[in-house]
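Q: quick one: sequence and predicted model below, then my questions.
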Amino acid sequence: MTEAACTLQGNFKLPALLADGDIIIGGLFPMHYRVLVPELNYTYKPAASACQGFDSRSFRWAQAMRLAIKEINENPNLLPNITLGYKIYDSCATHVAALRATLSVLNGPKEVSSMMCSGASPVKAIIGDSGSSQSIIVSRTLQPFKIPMLQHYIQKVSFTNSLGEKISFDENGDPIASYDVMNWQRGADGKIWFVTVGLYDTSEGAGNELVINEEAIIWNSDQTKVPSSVCTESCPPGTRKGVRRGEPLCCFDCLPCADGEISNQTDSIECIQCPVDFWSNAERTECIPKEIEYLTYDEMGVTLTVIALFGACLTIGVLAVFLHYKNTPMVRVNNSELSFFILLSLALCFLSSIAFIGEPANWSCMFRHTVFSITFSLCISCILGKTVVVLMVFKATQPGSNIMKWFGPIQQRIMISACTSVQIIICAIWLIAMPPFPSKNTKYQSSKIILECDVGSTLAFWCVLGYIGVLACMCFVLAFLARKLPGNFNEAKYITFSMLIFCAVWIAFIPAYVSSPGKYTVAVEIFAILSSSFGLLFCIFAPKCYIILLKPQKNTKQYIMGKASANTSNKT
């Protein structure tokens with residue numbers, strides 16, 4: 001008996017889907033994803049490998065191939081008089097099973113022996129395998145037989161199937177994605193229906209692929225509103241995200257931005273610091289220019305201005321009275337010239353306070369401090385001169401005293417000029433070395449810019465005030481010593497009282513000036529100027545005006561010197 005030349009060594013017994021035809025198309029799909037390897041001890045023929053772990057997705061691929069071939073065979077317009085068959089094997093997602101499946105496609109399904117290799121169906125192409133490494137093995141096995149692999153069906157083809165659907169493939173052979181978006185909806189009868197609510201079609205171009213009819217969607221619990229599926233709602237502008245420790249990133253707190261910071265976007269991670277001259281609005285969504293504050297002509301500024309002008313006019317009115325009654329004893333007593341200087345300097349003191357109102361500028365900052373200090377120094381110097389005159393006049397009434405020739409009008413002018421010149425020199429050094437200048441202050445309130453005059457040199461500023469204080473203290477001491485001198489009208493006691501008020505005002509000014517914020521610092525300084533000026537005006541000149549205008553019968557030398565005459569007659 002002649003030995004057969006071609007023998008099928010065995011049946012691999014792989015899961016397969018088979019259909020005969022004029023042209024056979026092979027298919028390799030990993031319908032299982034795991035292989036149970038048999039024992040290999042080389043003492044007996046090993047058993048066939050068993051596939052385990054069913055893969056429904058790959059099985060659908062195999063079914064799609066079967067249905068496609070069936071549809072082609074049933075359509076007389078595609079391949080007339082030709083029937084397609086298929087051999088679909090399970091490659092089990094492994095290299096060995098893929099090789100066995102390839103050989104099974106090339107050979108017949110039965111074990112036969114013959115002189116010629118026959119029984120194999122005319123396989124024209126093989127689709128598969130899905131894995132790259134398995135596909136390499138399949139490709140190398142098929143090369144000697146000139147049979148292609150087909151991992152994709154067709155390239156750059158479009159056609160319409162029997163259902164009227166347009167089917168397209170791109171240049172890589174991949175089908176152009178086109179999906180209906182379905183929504184599970186419960187009908188009135190309680191049954192679940194699949195309702196088309198949209199379409200995803202990549203052939204529409206970028207940005208137009210997805211079309212959704214939101215009104216047709218029914219959400220869980222029969223809701224038409226899109227349910228919230230986040231841990232925390234979005235943080236609105238004006239807030240930032242604050243991470244919650246130990247929780248997912250989608251869980252966070254919305255923290256308001258701090259003062260001077262903003263966030264103008266939703267879900268901001270951090271807030272943005274506003275520029276130096278800007279501040280955040282109440283919503284913390286934008287930076288707005290800071291409010292600029294200074295003592296302007298508002299209610300407070302106008303009130304202080306009116307008071308200052310009233311004081312200046314009142315002082316000028318007193319000066320007019322003194323000029324009109326300049327030849328009367330009440331005006332001429334103790335040097336009327338000094339009284340005129342005091343009244344003029346007091347009028348300037350009232351007017352100097354107005355320079356502190358308004359927007360600070362370089363000239364106004366230098367002008368306000370120097371004018372105030374020089375006018376007050378002139379005023380206190382004149383009062384000091386008048387106090388000294390009171391003492392000298394009393395000494396001059398003693399027998400054999402010629403002290404007045406050493407302290408006449410010329411010497412009084414020299415003393416006043418010398419005392420005022422010291423203050424002028426201090427102010428000149430101050431303006432040359434470190435003059436006052438306008439500055440922006442934000443330390444009291446960050447949301448505002450307080451325009452104020454920086455004194456430049458703190459030492460010079462307190463030297464100016466200190467010098468005025470020294471003059472006032474000297475005047476107070478001398479007036480206090482002369483308060484009990486004889487006479488019906490002893491001017492020294494009124495000067496003592498005026499200096500007491502002056503010193504009290506400026507001592508109270510220091511803590512108020514240091515602790516007052518912003519424009520109120522300037523207001524406190526103006527108040528001190530006006531209060532001390534009114535104190536000097538009323539204490540020194542009100543008693544004289546009372547006698548001059550209301551008690552003219554007392555405006556005589558005999559009345560003024562009456563007490564002294566009485567004391568002299570008593571001693572005699």
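A: Looks like it came in fine.
Q: give me the nearest residue to Gly53, chain neighbours excluded.
A: Computed as C-beta to C-beta, 6 or more residues apart in numbering, the closest residue to Gly53 that is not its neighbour in sequence is Arg34, at 4.1 Å. Backbone N, C-alpha and C define where each C-beta goes, glycine included.
Q: what about that neighbour, neighbour count?
A: Under the neighbour criterion other C-beta atoms under 10 Å, Arg34 is assigned a count of 14.
Q: quick one: contacts for it?
A: Counting by C-beta atoms under 8 Å, 6 or more residues apart in numbering, Arg34 touches 51-53, 92-93.
Q: how about Ile176?
A: Contact criterion C-beta under 8 Å, 6+ apart gives 168-170, 201-203 as the residues in contact with Ile176.
Q: check the residues you listed and tell me the two furthest apart.
A: The distance between the two most remote of the contacts of Ile176 (C-beta to C-beta) is 14.5 Å, for Phe169 and Asp201.
Q: ok, which pair from the contacts of Arg34 is furthest apart?
A: The span of those, defined through C-beta to C-beta, is set by Gln52 and Ala93 at 10.8 Å.
Q: more neighbours, these two?
A: A direct count of neighbours by other C-beta under 10 Å for Gln52 and Ala93 places Ala93 higher, at 23 against 11.
Q: in this structure that one contacts Ser135, no?
A: No: when contacts are counted by C-beta atoms under 8 Å, Ala93 is not listed as touching Ser135 (11.9 Å).
Q: hang on, the earlier thing: give me the secondary structure label for the residue nearest to Gly53.
A: Taken by DSSP: H, G, I helix; E, B strand; the rest coil, the conformation at Arg34 corresponds to strand.
Q: what bridges to it?
A: Gln52 (DSSP bridges).
Q: ok, it to Val96 distance?
A: Remark: distance between Arg34 and Val96 (C-beta to C-beta, to the nearest Å) = 13 Å.
Q: please identify the helix or strand for the residue lying closest to Leu210 once chain neighbours are set aside.
A: Nearest residue to Leu210, sequence neighbours excluded (C-beta to C-beta, 6+ apart): Tyr200, at 5.1 Å. Using DSSP states H and E, Tyr200 falls within strand 192-201.
Q: that strand packs against which elements?
A: For strand 192-201, the elements it packs on are strand 178-186, strand 210-212, judged by 3 or more C-beta pairs under 8 Å, 6 or more residues apart in numbering; DSSP states H and E.
Q: got the buried residues for it?
A: By neighbour count, and taking 16 or more other C-beta atoms under 10 Å as the criterion, the buried residues in strand 192-201 are 197-198, 201.
Q: ok, stretch 361-377 next?
A: By 16+ other C-beta under 10 Å, the buried positions in stretch 361-377 come out as 364-377.
Q: go through stretch 455-470 and flag the buried ones.
A: For stretch 455-470, the neighbour count (16+ other C-beta under 10 Å) marks 455-457, 460-461, 463-465, 467-469 as buried.
Q: ok, now stretch 502-510?
A: Neighbour counts over stretch 502-510 (16+ other C-beta under 10 Å) mark 502-503, 505-506, 509 as buried.
Q: right, and Ala101 touches Ser91 too?
A: Yes: at 4.9 Å, Ala101 counts as touching Ser91 under the criterion of C-beta under 8 Å.
Q: identify the contacts common to the two.
A: Contact with both Ala101 and Ser91 is made by residues 28, 129, according to C-beta under 8 Å, 6+ apart.
Q: pLDDT weak spots in the stretch 101-250 of the chain?
A: Filtered on pLDDT under 70, the stretch 101-250 of the chain yields the residue ranges 108-121, 150-152, 155-157, 159, 161-163, 172-174, 229.
Q: show me the strands in it, by range?
A: Secondary structure of the stretch 101-250 of the chain (DSSP state E, counting those that start in this stretch): strands located at 113-114, 123-127, 149-150, 158-160, 166-168, 178-186, 192-201, 210-212, 239-243.
Q: got JSON lines for those, with distance to Ile69 too?
A: Written out in JSON lines, the entries for the strands of the stretch 101-250 of the chain read as follows (distance: least, C-beta to C-beta, whole Å):
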{"stretch": "strand 113-114", "distance to Ile69": "29"}
{"stretch": "strand 123-127", "distance to Ile69": "11"}
{"stretch": "strand 149-150", "distance to Ile69": "13"}
{"stretch": "strand 158-160", "distance to Ile69": "16"}
{"stretch": "strand 166-168", "distance to Ile69": "15"}
{"stretch": "strand 178-186", "distance to Ile69": "22"}
{"stretch": "strand 192-201", "distance to Ile69": "27"}
{"stretch": "strand 210-212", "distance to Ile69": "33"}
{"stretch": "strand 239-243", "distance to Ile69": "57"}
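Q: tell me which of these sits nearest to Ile316.
A: Distances from Ile316 to each of the strands of the stretch 101-250 of the chain were compared using C-beta to C-beta; the minimum, 62.2 Å, belongs to strand 239-243.
Q: flag every buried residue along that closest one.
A: 239-241.
Q: one more: stretch 231-247?
A: With burial defined by 16+ other C-beta under 10 Å, the residues of stretch 231-247 counted as buried are 232, 235, 237-241.
Q: bridged to Tyr200, which residues?
A: Under the criterion DSSP bridges, Tyr200 forms beta bridges with Tyr179, Leu210.
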